[in-house]
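> Predicted model follows, preceded by the sequence.
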Protein chains: 2
Amino acid sequence: MFRERIRNRELLERIVSADDAARLIKDRMTIGMSGFTRAGEAKAVPMALAKRAKDEPLQITLMTGASLGNNLDGALVEAHVLARRLPFQSDPVLRNAINAGEVMFIDQHLSETVELLRSRQIAPVDIAVIEATAITEEGGIIPTTSVGNSASFAILAEKVIVEINQSQPQELEGLHDIYIPTRRPSREAIPVMAPDSRIGVPFIPILPEKIAAVVVTHNSDSSSTIQPPDAETQAIAGHLAEFLMHEVKLGRLSRSLLPLQAGIGTIANAVLHGFIDTPFHDLTMYSEVLQDSTFDLIDAGKLIFASGSSMTLSADKYRKVIPDIVAYKSRLILRPQEISNHPEVIRRLGIIGINTALEFDIYGNVNSTHVGGTHMMNGIGGSGDFARNAYMSIFVTKSTAKNGAISRVVPMVSHVDHTEHDVDILVTEIGLADLRGLAPRERATTIIANCVHPTYREALSDYYRRALARGGQTPHLLEEALKWHSSLRETGRMLA
Amino acid sequence: MFRERIRNRELLERIVSADDAARLIKDRMTIGMSGFTRAGEAKAVPMALAKRAKDEPLQITLMTGASLGNNLDGALVEAHVLARRLPFQSDPVLRNAINAGEVMFIDQHLSETVELLRSRQIAPVDIAVIEATAITEEGGIIPTTSVGNSASFAILAEKVIVEINQSQPQELEGLHDIYIPTRRPSREAIPVMAPDSRIGVPFIPILPEKIAAVVVTHNSDSSSTIQPPDAETQAIAGHLAEFLMHEVKLGRLSRSLLPLQAGIGTIANAVLHGFIDTPFHDLTMYSEVLQDSTFDLIDAGKLIFASGSSMTLSADKYRKVIPDIVAYKSRLILRPQEISNHPEVIRRLGIIGINTALEFDIYGNVNSTHVGGTHMMNGIGGSGDFARNAYMSIFVTKSTAKNGAISRVVPMVSHVDHTEHDVDILVTEIGLADLRGLAPRERATTIIANCVHPTYREALSDYYRRALARGGQTPHLLEEALKWHSSLRETGRMLA
């Protein structure tokens, strides 16, 4: 069964157990693993590593595309295998270890990790561990449900371990488009001119000699933890659709808009899902994660093409889409995250970027990562790649959290991931603030009027009024600016 | 004399006084003027506007490339002409008006203004006022010492006023390379593949019918206010050169490095000047402003090519370079700032970006714009365009200011323009912090050990130690994080 997936016959001899493959990994090595937002991660070798670390000291730097599924990060933390981790994660056990200072977490723009590796500005990858649906005759690796950083990891590593996952249909072949930018100083343009541009090859091109071990696996991806749309996410989707329809009316956009990007998570998924009930048509996506909503939009005849770096689906959607992948294949491409998130392509295509804020302030600075300004949630992910270079950069969030104890709109964000220069539109269930062409003082009045929950509106207005008395381009009362966060830490509520 | 500069004969009939030309500008219009960092700004029409505003109410939105020379912004503010101003300024009178809330200042990444205009996301330009050295037979405008946003302003405006500046040598013709990105959704790659790529035409291509008035002027650019290198800027340059030599030794860079960008101002100029005394050779620049140091490096045989959007020179350098421009022309290109600062090109070429910080914090977040977190200095300029997409993003500053009353390294910056994700290297006269591949806790110890003035080192260490006790990816004491700034405001010193 798995033999037909390993088309290079010599590699059949390199089939080993996960335990044996994991023994190639030594203490203090840097390991590059496949996996992007719980899709297509190597599954058996990291578990074998965690097991082995019970008997011998073993600490590695682990790089991936983005977050891993199957509780792998948690298992590796519990076995004390992770010394360093980059560029993204979303595991509760790992998150605790990061915030305790036990694992050094380097939170990077997702397009930049392999650029740093390629130019040897960070430690090189010793071994790459890549999940594949098959290996070609020439040793080319055909990824599964994500591409992430797998291609560059495999190309740059000394040795490669391939996990052939039999649970993934072989029909995934042809879905991927692997392109690696040429070297500087003679680098050429990235030739993606539209979301459906195919510019590379459908496998990761490496020589079979580099493949040191092949492991056969059977476990499927974890399903995504997306919540269904609720009244608030529907209101956010409604405000955004209304705004975009107005842009169409003004002649700034056509009804096909421009290629859409949506961040990972419930709110962005719900917003995208909301496009089903709009007059927009022939939509395209140029995004990183393709979630349930992407396939809902395709099924509804709204979306004609989606480019991403992974497919991260709920259990129901996974059961429907993956076996039927042939039906979707002509409308999909999975790319390396360096290309799905490349500033050059994002600026050229003119992406409408929709990402989730943890909180934003009255001037439109956005915190995407740090709870209370100090504790890491997941990481910046691709939000910076998109927000920094998009045609239009939109951030969405509910206006409050924890039953109203937290306002998502604050006097000053406790941590900045996206500066006001990179934030065009803010949307909560309360309403939408169009900040384009506005000075900070105008941004403040627009945000307070449109996005803030009524419970917090007067307090924010009061802060702003008093700050205004001190003057400045961006008026603040520095001694009070972070008081809402201090209060939250001490009392569990932002306001007494 | 000026007749030979106006090669389209019909346009000779449109020569008018500056007062008459200024009368085309009506109350509430949006005006796009040439000018980038005190170079090549329209000079006569704005002065005529300021004069006219004494007699009648006249308020405009003024867009330029960047800052204007000849105190024009100040004169316009004093005449109450400026309602809105973008995307950059550096005038003390205007700065006060901005901070008093009298002028709405929209502080933008310099590559993005015309992108927003082209897609009609901000109010359109009614009239463009462009300084030129000549007009071609076909109506093409040949700029002077800057390109800035002039090309797109002229192309997108309803009407164009051209100021023919007789003080500028006609030999400037051929220096400029005007390229406008094609429209979305079918935009092509920006074909700059090296700093010396010529991709456009040497004039701004518009139809002569659009030129509503021609004004003949004689005044030269203001000279730059660059200070000569001092012991501290030389120390900064020394640390950086030593670091880059080490990168060469490690084989990461060649002795020609990669194309250099340096921000406007004394420190960046001094750092670049410092490259004269290094073993680097065949250097290139892909920058926005070409300052004195660019020409010093060319004269010293170190720099073989420089691409920018303006030449902003000291009085001495101006007198030497401008009359002798023919000797430099084969080594120079002036481009629209959208191209000089384009993320696509910056990422492709792999720029080493060197920009000045107003302050940075122990985690490497940078404030480039806001004094005390509230009051605008100049604006973000192109620093974001470069830092966000560079091969290596370097920020430089002296470790203290105001005779030591201010530390440029603080617990938390009072305003964020560049997040830790976009800051690789920090340099003060004390030393250099290489932050690549480090987690925030490692960044903090590296920055405190290497960049902080001894007077402040123990206080920062103490803050960090106490913050650490609270945990987190980015430990902070929120109730204290901005106390140094509050103290500065109240007592004139950051520490008692």
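Okay, I see it. Every value quoted in this text rests on a predicted model; they were computed, and no experiment measured them.

> Surely residue A:272 and residue A:354 touch.
Yes: contact criterion C-beta atoms under 8 Å: residue A:272 and residue A:354 qualify, at 7.2 Å. In short, each C-beta sits where N, CA and C put it, glycine included.

> where do the contact lists of the two overlap?
A:260, A:262 (C-beta atoms under 8 Å, 6 or more residues apart in numbering or on different chains).

> what ranges do the helices span in the stretch 251-400 of chain A?
Counting by DSSP state H, counting those that start in this stretch, the stretch 251-400 of chain A has these helices, from start to end: A:266-273, A:292-299, A:315-321, A:325-328, A:337-340, A:343-349, A:383-387.

> pLDDT on the third one, on average?
To tie it back to what came earlier, the one meant is helix A:315-321. Mean pLDDT, helix A:315-321: 93.

> go on, the last one?
This predicted structure assigns helix A:383-387 an average pLDDT of 97.

> Please compute how far it lies from its chain's middle.
Averaged C-alpha coordinates place helix A:383-387 at 10 Å from its chain's average position (C-alpha atoms, centre = their mean, to the nearest Å).

> in it, what counts as buried?
A:383-387 (16 or more other C-beta atoms under 10 Å in any protein chain shown).

> what residues are up against the nearest residue to residue A:302 once chain neighbours are set aside?
Counting by C-beta to C-beta, 6 or more residues apart in numbering or on different chains, residue A:283 is the residue found nearest to residue A:302 once chain neighbours are left out, at 5.5 Å. For residue A:283, the contact set (C-beta under 8 Å, 6+ apart) comprises A:256-257, A:260, A:275, A:297, A:302-304.

> and which of the residues you listed is nearest to chain B?
residue A:256 (8.4 Å; C-beta to the nearest C-beta).

> Show the contacting residues for the closest one.
So residue A:256 contacts A:280-284 (C-beta under 8 Å, 6+ apart).

> Distance-wise, check it relative to residue A:152.
According to C-beta to C-beta, to the nearest Å, residue A:256 and residue A:152 sit 33 Å apart.

> quick one, domains of chain A?
As recorded under the TED database, the domains making up chain A are A:2-217, A:231-491.

> export those to JSON lines and tack on distance to residue B:176?
Listed next are those as JSON lines, based on distance: least, C-beta to C-beta, whole Å:
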{"stretch": "domain A:2-217", "distance to residue B:176": "23"}
{"stretch": "domain A:231-491", "distance to residue B:176": "23"}
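
> list the helices and strands the lowest-mean-pLDDT helix or strand in chain A packs on?
Within chain A, no helix or strand scores below helix A:266-273, which has a mean of 90 by mean pLDDT, DSSP states H and E. For helix A:266-273, the packing partners by 3 or more C-beta pairs under 8 Å, 6 or more residues apart in numbering or on different chains; DSSP states H and E come out as helix A:231-249, strand A:260-262, helix A:292-299, strand A:352-356, strand A:392-396.

> And for residue A:47, nearest residue in space, chain neighbours not counted?
residue A:75 (6.4 Å).

> show me the contacts for the one you found.
So residue A:75 contacts A:46-47, A:50 (C-beta under 8 Å, 6+ apart).

> Residue A:113 too?
A:63, A:86-87, A:122, A:149.

> now the angle between strand A:352-356 and the least confident helix or strand of chain A, please.
Helix A:266-273 runs at 150 degrees relative to strand A:352-356, counting by axes from the mean of the first three to the mean of the last three C-alpha atoms, to 10 degrees.

> Quick check: buried residues in helix A:266-273?
Buried-residue list, helix A:266-273, by 16+ other C-beta under 10 Å: A:266-273.

> Columns distance to residue A:247 on top of these, output as TSV?
Shown next, in TSV, are these (distance: C-beta to C-beta, whole Å):
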residue	distance to residue A:247
A:266	25
A:267	21
A:268	19
A:269	22
A:270	21
A:271	16
A:272	17
A:273	20
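
> wait, which of those is closest to residue B:430?
residue A:268 (43.6 Å; C-beta to C-beta).

> Double-check that closest one against residue A:396; I have them as touching.
Yes: the pair residue A:268 / residue A:396 is scored as a contact, 6.7 Å apart, by C-beta under 8 Å.

> what's the overlap in contacts for these two?
Joint contacts of residue A:268 and residue A:396 (C-beta under 8 Å, 6+ apart) are A:354-356.

> from those residues, which is closest to residue B:373?
residue A:355 (25.2 Å).

> Okay, helices next: where are they in the stretch 51-200 of chain A?
Counting by DSSP H, counting those that start in this stretch, the helices of the stretch 51-200 of chain A are A:72-78, A:92-99, A:113-118, A:150-156.

> Now do the same contact list for residue A:440.
Here residue A:440 is in contact with A:363, A:420, A:473-475 (C-beta under 8 Å, 6+ apart).

> just residue A:231 next, same as before
residue A:429.

> Would you check that residue A:74 makes contact with residue A:95?
No: using C-beta under 8 Å, residue A:74 and residue A:95 do not qualify as a contacting pair, with a distance of 9.4 Å.
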